[in-house]
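Asks: Kindly return the folded structure for what I paste below:
(chains A and B)
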Amino acid sequence: MAILDVQHIEKHFGATRVLEDISFSLEEGQALSIIGSSGSGKTTLLRCLNFLETPDHGTISVRGETLFDANDPSTQRESDIRKKRLHFGMVFQSFNLFPQYTALQNVTLARELLAKTEHTGDTHEVIQAEGKALLEKMGLADRMDNYPHQLSGGQQQRVAIARALAMKPDILCFDEPTSALDPELTGEVLKVIRSLADQHTTMVIVTHEMAFARDVADYVIFMDGGVIVEQGDPRQVIDNPQEERTRQFLAHYSDQ
Amino acid sequence: MLLNVSLTLLNGLGTTIEIFLLTLLFSLPLGLVVAFGSMSNFTPLRWLCNTVVWIVRGTPLMLQLIAFFYVPGIAGFQIWPSGDAGRMMATVVAFSINYACYFSVIYRGGIQGVPIGQREAGEVLGMTKSQIFFKVTLLQMVKRIVPPMSNEIITLVKDTSLARIIAVYELTFTGYSYMKSSGLVWPLFYTGLFYLLFVGVLTILFNYIERKLSYFR
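Replies: The predicted structure is shown next:
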């Protein structure tokens, strides 16, 4: 069974239709890349998965459990949505680290709060130890006590990845994780995402890095104008696109 | 002589500090209520808050002070106790409402100035609305509002002198009375020194808070 199943998602902003009949599924341990030009609806789709936007139509299921059904208001209760969000992790383009907390505090804060309110049984010691281990894994062992403004963009984004992983999401989402970075800093972040893929972390990655999408993703979706134009094996879609619109889009990247 | 003046002025300073502290005590939280009201999705509430802020910011505090103190009595509602206590109460009510409106606008700027990504980051991490407010947004908001709030609070120190219009014996009224009865000029400048010291202490306090919050950006 697919870990993530999205069916017929549609989303309007006012009169503008930004997503139209989006359906796809993702197997556990696989990485999905979503590519497409700006304004094609990639980010909105990711935000729908994280309940930052509410789709007008469609369903979202994780491990066979329907988390969201536009026709069923009982799936849209505010208190439930908060817990459902934990199925998904989100790494933002602009990092969105909490500036008043250290790297380690950024990673541990939400779990500490969750342990307090939901009585998850996680002790402070366990949360701290796991937070440190995550930052070490991100190559930030010596940066744990630094505040975000003391870190480079690449380091901040790696903290943000650790922060998302700390909640142990089923599916980790990346919204153009390297678009806000200087070119020389994108490598360190892509390396981390690549290693997560090697460890079979289930991921949805919105990216403009075509070479990266081709190498790392198990599956790729090309979106344009709010619809899925083409999807399939990354080598197929990126190296040998069938649709004219895909070809046009990829032509912009061919000279890179 | 100096001792005599000092004691009289200290008495007035006591009243000034009392107005100052009581006004802050009520207006700081009330301002937050008005701020949330003026950002509400419920249109009538938003409209009401914005109208109140408009009226309060659009008319002189002295006029409001006079209205709060005299209008109820003239209209047949003796809401204030007689004597100094009533004058003091009317002063604190008028000042609190006035400053709450100014604070609400500063608060609103502080809240809206925190990037929306901060709230969203909290949401995707499964935090509750109140956790996001208290653990993520609040301190960033406080950091943003310290400079404009310090301005407003320092203005309040000097605005307390308006209370003399309804015969509250605050610092300026005391100094003025002494000057008039004694024919001496220097007590008036001496009065100014009291305000300077008061504001000096506040300035040190605000600088300390700003320094304390400078560890993040």
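
Asks: how about residue 180, what does it touch?
Replies: In the absence of a named chain, chain A is used. Going by C-beta atoms under 8 Å, 6 or more residues apart in numbering or on different chains, A:A180 touches A:93-95, A:153, A:157. The way it works is simple: take the backbone N, C-alpha and C, and place the C-beta from them, glycine included.

Asks: Columns neighbour count on top of those residues, output as JSON lines?
Replies: Shown next, in JSON lines, are these (neighbours: other C-beta atoms under 10 Å in any protein chain shown):
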{"residue": "A:Q93", "neighbour count": "17"}
{"residue": "A:S94", "neighbour count": "16"}
{"residue": "A:F95", "neighbour count": "23"}
{"residue": "A:G153", "neighbour count": "17"}
{"residue": "A:Q157", "neighbour count": "29"}
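
Asks: how about the helices of chain B, start to end?
Replies: B:2-38, B:43-58, B:61-74, B:84-113, B:116-124, B:129-131, B:138-159, B:171-182, B:186-212 (DSSP state H).

Asks: tell me the mean pLDDT over the longest one?
Replies: Read that as helix B:2-38. Throughout helix B:2-38, pLDDT has a mean value of 94.

Asks: What residues of it count as buried?
Replies: B:5, B:8-9, B:12-13, B:15-16, B:18-20, B:22-24, B:26-28, B:30-32, B:34-38 (16 or more other C-beta atoms under 10 Å in any protein chain shown).

Asks: picking up where we left off before, between the helices of chain B, which gets nearest to A:G225?
Replies: Of all these, helix B:116-124 sits nearest to A:G225, with 25.1 Å by C-beta to C-beta.

Asks: just checking, what packs against the closest one?
Replies: Helix B:116-124 sits against strand A:88-91, with contacts defined as 3 or more C-beta pairs under 8 Å, 6 or more residues apart in numbering or on different chains; DSSP states H and E.

Asks: in what helix or strand does the residue most central in space within chain A lie?
Replies: When C-alpha atoms, centre = their mean is applied to chain A, the residue found nearest the centroid is A:C173 (1.1 Å). Per DSSP states H and E: A:C173 is located in strand A:171-175.

Asks: same check, this time on A:E230
Replies: strand A:227-232.

Asks: what are the pairing partners of that strand, and which direction each?
Replies: strand A:219-224 (antiparallel) (DSSP bridges).

Asks: Leaving out the residues flanking it, which one is nearest to B:Q118?
Replies: B:V136 (5.6 Å; C-beta to C-beta, 6 or more residues apart in numbering or on different chains).

Asks: Let me see the contact set for that neighbour.
Replies: So B:V136 contacts A:98, B:118-119, B:121-122, B:127 (C-beta under 8 Å, 6+ apart).

Asks: Counting neighbours, what do you get for residue 90?
Replies: No chain was given, so I picked chain A. 28 (other C-beta atoms under 10 Å in any protein chain shown).

Asks: Switch to chain B, please.
Replies: Residues near B:A90, counting by other C-beta under 10 Å: 25.

Asks: Does B:L28 touch B:Y102 like I think?
Replies: No - with contact defined as C-beta atoms under 8 Å, B:L28 does not reach B:Y102; the gap is 11.2 Å.

Asks: Look up how far B:L156 lies from the residue nearest the centre of chain B.
Replies: Closest to where the C-alpha atoms of chain B average out (C-alpha atoms, centre = their mean) is B:Y99, at 4.3 Å. Using C-beta to C-beta, to the nearest Å, B:Y99 is found at 6 Å from B:L156.

Asks: Now for the two: what residues contact both?
Replies: B:23-24.

Asks: Quick check: which ranges of chain A have low pLDDT?
Replies: A:254-256 (pLDDT under 70).

Asks: Could you pull out the helices in it for me?
Replies: A:42-49, A:78-84, A:103-118, A:124-137, A:153-166, A:183-198, A:210-216, A:234, A:244-254.

Asks: Contacts for the shortest one next, please.
Replies: Spelled out, it's helix A:234. With C-beta under 8 Å, 6+ apart, helix A:234 has contacts from A:33, A:213-215, A:217-220.

Asks: Give the buried residues for stretch A:15-34.
Replies: A:17-20, A:22, A:24, A:26, A:30-34.

Asks: Without its sequence neighbours, what residue ends up closest to B:K143?
Replies: B:L213 is the one closest to B:K143 (C-beta to C-beta, 6+ apart), at 4.5 Å.

Asks: do A:I205 as well
Replies: In space, A:I205 is closest to A:F174, 4.4 Å off (C-beta to C-beta, 6+ apart).

Asks: can you pull the contacts of the residue of the stretch 101-250 of chain A found nearest chain B?
Replies: Nearest to chain B, among the residues of the stretch 101-250 of chain A, is A:A110, at 3.6 Å (C-beta to the nearest C-beta). A:A110 sits next to A:163, A:166-167, B:122, B:125-127 when contact means C-beta under 8 Å, 6+ apart.

Asks: hmm, 10 Å instead?
Replies: A:86, A:98, A:127, A:163-164, A:166-167, B:121-122, B:124-127, B:131, B:135-136 (C-beta atoms under 10 Å, 6 or more residues apart in numbering or on different chains).

Asks: And it, how close does it get to A:A31?
Replies: For A:A110, the distance to A:A31 - C-beta to C-beta - is 24 Å.

Asks: again, but for A:Q128
Replies: 29 Å.

Asks: now do A:L165
Replies: 15 Å.

Asks: Tell me how many other residues crowd A:F98.
Replies: 23.

Asks: quick one, phi/psi of it?
Replies: phi -80, psi 110 (degrees, to the nearest 10).

Asks: residues in contact with it?
Replies: A:105-106, A:109-110, A:147-148, A:163, B:118, B:121-122, B:125, B:135-137, B:139-140, B:216.

Asks: do A:Q236 as well
Replies: A:Q236 touches A:214, A:220, A:230, A:242, counting by C-beta under 10 Å, 6+ apart.

Asks: Look up how far A:V204 lies from it.
Replies: Taking C-beta to C-beta, one finds A:Q236 at 19 Å from A:V204.

Asks: before we move on, the earlier item: between the strand holding A:E230 and helix A:244-254, how many degrees?
Replies: Using axes from the mean of the first three to the mean of the last three C-alpha atoms, to 10 degrees, the inter-axis angle of strand A:227-232 relative to helix A:244-254 is 70 degrees.

Asks: For strand A:227-232, give me every contacting residue.
Replies: Here strand A:227-232 has contacts from A:17, A:19-24, A:32, A:34-36, A:40-41, A:45, A:219-224, A:236-238, A:240-247, A:249, using C-beta under 10 Å, 6+ apart.

Asks: redo that, cut-off 7 Å
Replies: Outside strand A:227-232, the residues that touch it by C-beta atoms under 7 Å, 6 or more residues apart in numbering or on different chains are A:20-22, A:24, A:220-223, A:237, A:241-243, A:245-246.

Asks: tally of neighbours for B:W54?
Replies: 11.

Asks: So it versus B:P147, what's the distance?
Replies: 24 Å.
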